[in-house]
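*Asks:* generate a structure from the sequence data that follows.
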Amino acid sequence: MTATPIYAALLTLLFVWLSLNVIKLRHRYKIRLGDGNNAALRAAISAQANAAQYIPIALILLLLLELNHAHFLLLHGFGMALLAGRVMHARAIQTDHIPMRVRGMQLTLFTLIGSALANLLLLLF
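*Replies:* Numbering: from 1, shown residues only. Have a look, this model is predicted:
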């Protein structure tokens, strides 16, 4: 097993960066709970929450593919698409860049759908 730990580690670092950004903004604006009606903090919280929602299931699907001996190009293709999509989406939420946000979600959903279908195909064949 080599692909899943790479992407799990990189995506964890992305999640930590998003978490630290929330902490930094909470400290800067002295907001202990919620978003304090602060647009920058609200965007940072949204980016972190979105990552927390999509990354785990995508990594589970990637791990299942790897455990079922999927081709390494498929594993790394899905892993890189997921990583790129999550980075793009996180940056886009914080900068309000709608086209990049859409592209990030497209890559993420491509990864989820593709890896789910690949897992099903591996079971059938």
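*Asks:* can we go C-alpha only for contacts and neighbour counts from here?
*Replies:* Will do.
*Asks:* can you pull out the helices in this structure?
*Replies:* Ranges of helices in the chain, per DSSP state H, are 3-29, 39-67, 72-95, 98-124.
*Asks:* what is the second one packed up against?
*Replies:* What that stands for is helix 39-67. Identification of packing neighbours for helix 39-67 by 3 or more CA pairs under 8 Å, 6 or more residues apart in numbering; DSSP states H and E yields helix 3-29, helix 72-95, helix 98-124.
*Asks:* related to what we said a few turns ago, make a markdown table out of the helices of the chain and add mean pLDDT and mean neighbour count.
*Replies:* Shown next, in a markdown table, are these (pLDDT from 0 to 100; neighbours: other CA atoms under 10 Å):
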| stretch | mean pLDDT | mean neighbour count |
| --- | --- | --- |
| helix 3-29 | 98 | 16 |
| helix 39-67 | 97 | 19 |
| helix 72-95 | 96 | 20 |
| helix 98-124 | 97 | 17 |
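*Asks:* in CSV, list the helices and strands packed on helix 39-67 along with distance to A43.
*Replies:* What follows is the helices and strands packed on helix 39-67, written out as CSV (distance: least, CA to CA, whole Å):
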stretch, distance to A43
helix 3-29, 9
helix 72-95, 5
helix 98-124, 12
